[in-house]
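Colleague: here is the input, now give the coordinates:
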Amino acid sequence: MSDSKGSIQLKGRLFLTFDIQAVTGLHIGGATEDISIGGVDKTVIRDPLTNRPYIPGSSLRGKMRSLIEKYKGKEQNQRINQGFIHSCQNNEWQIYQTCEVCQVFGVPGEREFGTPARLIVRDVHMDKDSADQLEKLQTDLPFSEVKVEVAIDRVTSQANPRQIERVPAGTLFGGAEMVYSLYAGQFKFGKEGEERAALIDPQSDLKFFDTTLEGLQLLEDDYLGGAGARGSGKVRFVNLRLGFKGNSGAYAEKAEPLGNETYGSVADLRSEWNKILKGNVQQQLGG
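Modeller: Residues are numbered from 1 along each chain as shown. Here you go, the predicted model:
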């Protein structure tokens, strides 16, 4: 666990909401049940209440982090399950303060200087109109299609078919939400007698928010879920809206809209971010 201590205050939160459109078939895997003869090899994850496929916040957040790490050339130095991610180490506390990956997405709990991760990503559920349309189409499986792929044995040239379940292209997942927190304060870490201090600045947190928008843009050019190299998983983020709740004593019931009412693309919102940054947000934070 972290040995850090001090005082951290929540100064405000940015709320980014949007819709996710599947441009190609989308496969985000779920727990595969016992496979019967002729059954689907790879199933999608489903909401147990509605039986509709959904996009887990962990899938969206994890893919964004992975792409940003690669785009920034970050060292993959922290084992997580069967793979590696980037994480600033205990002797890199100064680098940590300017590391957009670790500040936005967080570090493992055993780091001595860990502060709260800034970004929260919610699960995203299928839009009702899309769900109604898929029900009328009577797809292969409820709300999904089955794509047959063929693997070729390189020695015998024998075809080995496999079936992958996908959400059809054009499906909309509505009401996606990302919450980005802004903090202020000071924390101390390290062994007694060797303590070091670092400041947490909400203005720095604001600068790192652009990393979140950058991650969404990178994802649009990549893929979400599995089988991306074989055509699945291209998505588009549309109908983006940005709001802000500041810490002015009483926590606001609703976020104050920022910028335009709706942005058609991530690129449109990102091009306006500096203007928004210099407006109400910095003023409310005392910048």
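
Colleague: contacts, neighbours, all on C-alpha from now
Modeller: Fine.

Colleague: CA atoms only for the one helix or strand residue 60 maps to, dumped as PDB, please.
Modeller: Using DSSP states H and E, residue 60 falls within helix 57-72. Provided in PDB are the C-alpha atoms of helix 57-72 (Å, rounded to 0.1, in the frame of the first residue of the first chain):
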ATOM      1  CA  GLY A  57     -16.000   0.900 -18.900                       C
ATOM      2  CA  SER A  58     -12.900  -1.200 -18.200                       C
ATOM      3  CA  SER A  59     -12.600  -2.200 -21.900                       C
ATOM      4  CA  LEU A  60     -12.800   1.400 -23.000                       C
ATOM      5  CA  ARG A  61     -10.500   2.800 -20.400                       C
ATOM      6  CA  GLY A  62      -7.900   0.000 -20.800                       C
ATOM      7  CA  LYS A  63      -7.700   0.400 -24.500                       C
ATOM      8  CA  MET A  64      -7.300   4.200 -24.200                       C
ATOM      9  CA  ARG A  65      -4.500   3.700 -21.700                       C
ATOM     10  CA  SER A  66      -2.700   1.100 -23.900                       C
ATOM     11  CA  LEU A  67      -2.900   3.400 -27.000                       C
ATOM     12  CA  ILE A  68      -1.700   6.500 -25.100                       C
ATOM     13  CA  GLU A  69       1.300   4.500 -23.600                       C
ATOM     14  CA  LYS A  70       2.300   3.400 -27.100                       C
ATOM     15  CA  TYR A  71       1.800   6.800 -28.700                       C
ATOM     16  CA  LYS A  72       3.900   8.500 -26.000                       C
END
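
Colleague: what comes up buried for the next helix or strand after that helix?
Modeller: Beyond helix 57-72 on the C-terminal side, the first helix or strand identified by DSSP H and E is strand 78-80. Neighbour-count burial for strand 78-80, counted by 16 or more other CA atoms under 10 Å, picks out no residue.

Colleague: any idea which residue is closest to the centre of the protein?
Modeller: The centre of the chain sits closest to residue 61, judged by CA atoms, centre = their mean, with a distance of 2.3 Å.

Colleague: what's the helix holding residue 60 in contact with?
Modeller: Helix 57-72 has contacts (CA atoms under 8 Å, 6 or more residues apart in numbering) with 75, 85-86, 101, 105, 121-124, 211-212, 214-216, 218-219, 224-225.

Colleague: if we use 10 Å, what do you get?
Modeller: 28-29, 73-76, 84-87, 100-102, 104-105, 119-124, 176-178, 211-219, 222-225 (CA atoms under 10 Å, 6 or more residues apart in numbering).

Colleague: again, but for stretch 212-219
Modeller: The contact list for stretch 212-219 (CA under 10 Å, 6+ apart) reads 16, 60-61, 63-69, 71, 100-101, 104-105, 118-119, 178, 180, 208, 210-211, 222, 233-237, 265-267, 269-270, 273.

Colleague: for this protein, what spans make up the helices?
Modeller: With helices called from DSSP state H, the chain shows them at 57-72, 93-96, 100-105, 128-137, 202-220, 266-276, 282-284.

Colleague: distance check, residue 136 against residue 52.
Modeller: Computed as CA to CA, to the nearest Å, the residue 136 to residue 52 distance reads 14 Å.

Colleague: re earlier: tell me the most buried of the helices of the chain?
Modeller: Highest mean neighbour count among the helices of the chain (mean count of other CA atoms under 10 Å): helix 100-105, with a mean of 22.

Colleague: how far off centre is that helix?
Modeller: Centroid separation for helix 100-105 versus its chain: 12 Å, with CA atoms, centre = their mean, to the nearest Å.

Colleague: that helix packs against which elements?
Modeller: Secondary-structure packing of helix 100-105 (3 or more CA pairs under 10 Å, 6 or more residues apart in numbering; DSSP states H and E): helix 57-72, helix 93-96, strand 119-121, helix 202-220.

Colleague: of all the ones you listed, which one is nearest residue 162?
Modeller: helix 57-72 (23.4 Å; CA to CA).

Colleague: next, the angle helix 202-220 makes with the closest one.
Modeller: Interaxial angle of helix 57-72 relative to helix 202-220 (axes from the mean of the first three to the mean of the last three CA atoms, to 10 degrees): 100 degrees.
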